[in-house]
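1. no FASTA, just this:
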Ligand SMILES: CCCCCCCCCCCCC/C=C/[C@@H](O)[C@H](COP(=O)(O)O)NC(C)=O
Ligand SMILES: Nc1ncnc2c1ncn2[C@@H]1O[C@H](COP(=O)(O)OP(=O)(O)O)[C@@H](O)[C@H]1O
Ligand SMILES: [Ca+2]
């Protein structure tokens, strides 16, 4: 049997694992193609085209295609049939997706990006979609409590980290509501969310996309959704006084990153540039904050924040945590003595407190705030940057952008934790003396005079790009609470990965 590619002079073999096939379609007879090369000899050619994932450099994926021609119509149809059956066997692929687009995220290109780059690929892969273009903040989140969620194999959000956070809150919240779990109870065992979320990056930082896919590229992300990838993700719950505040998957930042976010919200019109402007301004203001942080070290994980190796596709440290989680679920009757485990307490003056569930790599900081943090190990890295000079803080920040170790400073400490609590000195003082409004006034005075570095005002928590109302918080990491359409960052940029047994080449 002879089937050939449509490039007559291309003698290269084409290997495509079935897991990388996007679609198979019958190809219309085209006179121009017929008139070139060897196909002239064919009486009436029949053809089909295989669309597949082509892996390019820097984790970028593209949709490529190859067309096979032959004279026998029946044979051609048999091939199409056989390949379609192979695709049907890929059970992890989504068929029905719910899509939320934030038209105002990042450079306000969300709608265009989806329509031009993503929708055609979904349609090629025969994925049906219900698309909601959000009209206001919390539209997607509220909507997720109302829709018939079981109809969908996944939810896609087109936007930045803030938009992802909204969709995640909708999904996890809906899951807990349906299972009768009270989110306000900080100790409640949360129900895992098995409906995967896909992120089409169209925001300002897009750190969650970058840290889980390795590139900010809407087409690459769409292809990860189409092939049905699955990456579990740790989620932290944030409470204050037995009241649920938020969930976080990337950064929970007090001090520097909180102040940047708060200032930048007023400058939304600047687009992604607002972070550079507010970053510079916040750096100059050099505010530090006094408070107490207590945490439980994550003894269950194999890794440490100072490891040289980072979390990659198929990470064994995350797999180990997954096994431990499964064992815990099995013996759910036996309550773990989590509360009796040790707490460490640190009091101090901090320029920044960053708790990260993942590396938080993004184009501004390609290795991230904690390069060795894991996506799904059930822990967060708690980074404490103590009061230091502006020059030293700049040295620390610069190391986010180069290869040097950002934890190798006397004023920086890092711990791998499974839970932590923070109270600012101000709120401790206020609790002991509520009527002391003089202090609050002084705090306002300081905010209005950025040259002052004193610590009488509170900072704000930056929770995945959203601000929190409370400075005193209680945080707990929930191992692999949700899943993304991603596979983590692949070790080899270019597709040297092992091919699956069932490649088309073998069938030929
Ligand atoms: C002198 C050189 C200083 C360079 C410092 C570069 C550090 C950049 C580290 C970025 C940290 C990423 C953490 C991600 C946060 C996002 O959740 C949040 C919201 O992102 P969004 O606007 O929703 O896409 N963005 C910010 C800047 O707070
Ligand atoms: N239609 C809308 N109008 C205003 N805000 C919205 C809308 N849709 C979503 N949002 C909110 O916008 C915030 C920022 O969105 P995001 O997509 O993360 O953009 P960026 O990365 O630029 O911050 C999110 O918190 C989200 O809740
Ligand atoms: Ca983690």
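-> In hand now; what should we look at? None of the values given here were measured: they were computed from a predicted structure. Numbering: from 1, shown residues only. Ligands and ions are numbered 1, 2, ... in the order given.

2. for the chain, which residue gets nearest to ligand 3?
-> Residue of the chain nearest ligand 3, by C-beta to the ion: residue 234 (4.1 Å). From N, CA and C alone the C-beta is placed, and that goes for glycine too.

3. isn't that residue up against residue 377?
-> Yes: between residue 234 and residue 377 a contact is recorded at 6.9 Å, counting by C-beta atoms under 8 Å.

4. between these two, what contacts are shared?
-> residue 479 (C-beta atoms under 8 Å, 6 or more residues apart in numbering).

5. neighbour count winner among those two?
-> residue 377 (30 against 25; other C-beta atoms under 10 Å).

6. pretty sure the more buried one is in a helix, no?
-> No: with DSSP: H, G, I helix; E, B strand; the rest coil as the criterion, residue 377 is located in coil rather than a helix.

7. just checking stretch 248-255 against ligand 2, any contact.
-> No: using C-beta under 6 Å from any ligand atom, stretch 248-255 stays clear of ligand 2, coming no nearer than 11.5 Å.

8. that stretch close to ligand 3?
-> No: judged by C-beta under 5 Å from the ion, stretch 248-255 and ligand 3 are separated, with a smallest distance of 8.9 Å.

9. so which bits of stretch 57-67 are buried?
-> 59, 60, 61, 63, 64, 66, 67 (16 or more other C-beta atoms under 10 Å).

10. ok, and the closest non-adjacent residue to the first one?
-> Distances taken as C-beta to C-beta, 6 or more residues apart in numbering put residue 214 closest to residue 59, at 3.4 Å, once the chain neighbours are dropped.

11. residue 370 now?
-> residue 381 (4.0 Å).

12. sticking with the residue nearest the centre of the chain, tell me its helix or strand.
-> Centroid-nearest residue in the chain, with C-alpha atoms, centre = their mean: residue 208, separated by 2.8 Å. Here residue 208 is covered by helix 207-213, with elements defined by DSSP states H and E.

13. find the closest residue to ligand 2 in the stretch 1-150 of the chain.
-> Closest contact between the stretch 1-150 of the chain and ligand 2, by C-beta to the nearest ligand atom, is at residue 105 (2.7 Å).

14. about what we covered before: so which of the buried residues of stretch 57-67 belong to strands?
-> Members of the buried residues of stretch 57-67 lying in strands (criterion: DSSP state E): 61, 63, 64, 66, 67.

15. surely the residue nearest to the centre of the chain meets residue 161?
-> Yes: between residue 208 and residue 161 a contact is recorded at 5.4 Å, counting by C-beta under 8 Å.

16. what residues do these two have in common as contacts?
-> With C-beta under 8 Å, 6+ apart as the test, residue 208 and residue 161 both reach 250, 464.

17. return the residues of the stretch 251-400 of the chain in contact with ligand 3.
-> 357, 374, 377.

18. for ligand 3, what are the nearby residues on the stretch 101-250 of the chain?
-> Counting by C-beta under 5 Å from the ion, the stretch 101-250 of the chain sits next to ligand 3 at residue 234.

19. so, low pLDDT: which residues of the stretch 101-250 of the chain?
-> Nowhere does the stretch 101-250 of the chain drop to pLDDT under 70.
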